[in-house]
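Chemist: After the sequence you'll find the predicted model.
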Amino acid sequence: MDDEPYECPMCTFMKGGNCKDAFVTWEECVDRVREKDGDLAGECGELFMDMHACMMKEENRPYYAPMLEMQAEMVAGGGDEGDRTE
């Protein structure tokens, strides 16, 4: 049991649905780019968009809904707290 490599819960979840192949392809790209300290968005952005498009397909949305909701919250937050005028 301890011989099995650790896999993050999000990765396990992503691989459990119909977009497993798109996720694995994106994940491999991320690993390669990080190894060479490259441009993650530039080199893997299109693969991320392919994975996201797969998740957005009507037949896949129910499974990936938790991830899609989390992404929407991150985008809505924008990460630019100082730019908000409320």
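Modeler: Thanks, I have the structure now. Numbers count the residues shown, from 1 in each chain.
Chemist: pLDDT (mean, whole number) over stretch 46-55?
Modeler: The average pLDDT within stretch 46-55 is 97.
Chemist: ok, now stretch 3-16?
Modeler: According to the model, stretch 3-16 has a mean pLDDT of 90.
Chemist: got the residue ranges for the helices in this protein?
Modeler: Listed in chain order, the helices of the chain (DSSP state H) span 9-15, 20-35, 40-56, 61-77.
Chemist: export these to CSV and tack on mean neighbour count and distance to D3?
Modeler: Where C-beta positions appear, they are placed from N, C-alpha and C, glycine not excepted. As requested, those are exported to CSV (neighbours: other Cβ atoms under 10 Å; distance: least, Cβ to Cβ, whole Å):
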stretch, mean neighbour count, distance to D3
helix 9-15, 13, 17
helix 20-35, 15, 21
helix 40-56, 15, 30
helix 61-77, 12, 29
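Chemist: okay, E86: pLDDT?
Modeler: pLDDT, read off for E86, is 38.
Chemist: sorry, that was for G78
Modeler: pLDDT, G78: 68.
Chemist: Over to F23?
Modeler: So F23 comes in at 97 (pLDDT).
Chemist: Tell me how far it lies from C44.
Modeler: Counting by Cβ to Cβ, to the nearest Å, the separation of F23 from C44 is 12 Å.
Chemist: do K20 as well
Modeler: On the measure of Cβ to Cβ, K20 and C44 end up 17 Å apart.
Chemist: One more: G17?
Modeler: 20 Å.
Chemist: One more: M74?
Modeler: 17 Å.
Chemist: And for G16?
Modeler: 21 Å.
Chemist: got it, and E4?
Modeler: 26 Å.
Chemist: try Y63
Modeler: 23 Å.
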